[in-house]
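>>> Task: produce atomic coordinates for the following.
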Amino acid sequence: MKKLSPFIYLYEPVTIITTHRPSLETPKLILIASWMDAQDLHIAKYITHYQSIYPTSKILLVKFVLKESVSASFTRKVVDPALVYLHSLIDSGTLSSSPPQPEILVHIFSNGGSATTRTLYQLFRAQTGYAFPLHAAVYDSCPGVYSFTSVYSVFMVNFSGLVARAVAAPFVSILVLWFWIWYRPLKILSGEDFLSANSRVHNDVDLVQQTNRSYIYGKADVMVDWRHVERHANHAAAKGLVVRREMFEHGPHVSHMRTDGDRYWKIVKETWKKGTMRH
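Sure, this is the predicted structure:
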């Protein structure tokens, strides 16, 4: 993949295979918003599978790196090269700003990917005056909302071994408690926390124009509570969005493909197909 920035990577097919010409059955662009601090080796498994099922699609990867995304202003700078590329596709006529059917498939992973795409949606509207182009979307292990156990689990994943976890536990607990105080009793000072912002924006039909979306989530996920995902799906459906819910009973966080790859990719392909069939 071509490196557009430390956080943005692009894959463009070199040749068009005559038996796989672009059509409604193939996204013109697949936008992948990876989970927080995702390793390239793990992201590559999704990239290569997309290359195999949609060989003519461009793939735009946007990474979320926690230490580089500590502020909203920096997150905007992180995603800016992705926006520049999207604008170039629209300006060249490769993508339409208001397509009659979806040309983009957005694949969002965890709260990191939710924050990335939330910023893309907001900035696109701010820069153009209209919503991000019509698309279909897959939400993998997201979006979540603040809870002590979920945020605690996110921080503790960085510590392996009984001794390291025992030492880290009280400090992590204090940190998570401080976040709760800062974003709940002191909300008038802190403003909206980024998890709440993710949930709100992804169900804002003025910002997010989707033909349909699929939620893939699991009861074994200790970082994003499956009940929070279902609540978000219910809110989306109540606003008129076409929603599909896919529970992986034993699926850990962003590991549903590994739990049942055949089922996972069937959901992805059917999500895209449903979006194109609606128009």
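
>>> a helix runs through residue 221, doesn't it?
No: going by DSSP: H, G, I helix; E, B strand; the rest coil, the assignment for residue 221 is coil, not a helix.

>>> any weak-confidence spans in the stretch 151-279 of the chain?
158, 181-187, 189-191, 278-279 (pLDDT under 70).

>>> show me where it has strands.
210-218, 243-248 (DSSP state E, counting those that start in this stretch).

>>> could you dump those to TSV with mean neighbour count?
For glycine as for every other residue, the C-beta is placed from the backbone atoms N, C-alpha and C. Below are the strands of the stretch 151-279 of the chain laid out as TSV (neighbours: other C-beta atoms under 10 Å):
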stretch	mean neighbour count
strand 210-218	23
strand 243-248	18
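
>>> Let me know which of those strands is the nearest to residue 82.
Evaluated with C-beta to C-beta, those place strand 210-218 nearest to residue 82, the distance being 18.1 Å.

>>> Give the other helices and strands that the closest one contacts.
strand 135-140, helix 226-238, strand 243-248, helix 256-259, helix 261-277 (3 or more C-beta pairs under 8 Å, 6 or more residues apart in numbering; DSSP states H and E).

>>> Make CSV from these and add distance to residue 82 to it.
CSV is the format used below for those (distance: least, C-beta to C-beta, whole Å):
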stretch, distance to residue 82
strand 135-140, 14
helix 226-238, 24
strand 243-248, 26
helix 256-259, 23
helix 261-277, 20
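
>>> among these, which is the most enclosed?
strand 135-140 (a mean of 26; mean count of other C-beta atoms under 10 Å).

>>> angle of it against helix 261-277?
Relative orientation of strand 135-140 versus helix 261-277 (axes from the mean of the first three to the mean of the last three C-alpha atoms, to 10 degrees): 160 degrees.

>>> Quick check: neighbours of strand 135-140 in the sheet, parallel or antiparallel?
strand 104-109 (parallel), strand 210-218 (parallel) (DSSP bridges).

>>> Residue 210 contacts residue 133, correct?
No: using C-beta atoms under 8 Å, residue 210 is not in contact with residue 133, being 10.3 Å away.

>>> Just give me the neighbour total for residue 5.
15 (other C-beta atoms under 10 Å).

>>> looking at it, it is touching residue 83, isn't it?
No: counting by C-beta under 8 Å, residue 5 sits too far from residue 83 to count as a contact (11.3 Å).

>>> ok so, going back, let me have the strands paired with strand 135-140 in CSV, extended by distance to residue 271.
CSV is the format used below for those (distance: least, C-beta to C-beta, whole Å):
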stretch, distance to residue 271
strand 104-109, 8
strand 210-218, 4
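
>>> So which of those strands is nearest residue 175?
Between the strands paired with strand 135-140, strand 104-109 lies closest to residue 175; by C-beta to C-beta that is 23.7 Å.

>>> Alpha carbons of the closest one, in PDB - could you do that?
Backbone C-alpha positions of strand 104-109 (Å, rounded to 0.1, in the frame of the first residue of the first chain) are rendered in PDB as follows:
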ATOM      1  CA  ILE A 104     -18.100   3.300  -0.900                       C
ATOM      2  CA  LEU A 105     -18.000   0.500   1.700                       C
ATOM      3  CA  VAL A 106     -16.900   1.700   5.100                       C
ATOM      4  CA  HIS A 107     -15.600  -0.900   7.500                       C
ATOM      5  CA  ILE A 108     -15.200   0.500  11.100                       C
ATOM      6  CA  PHE A 109     -13.400  -1.300  13.900                       C
END
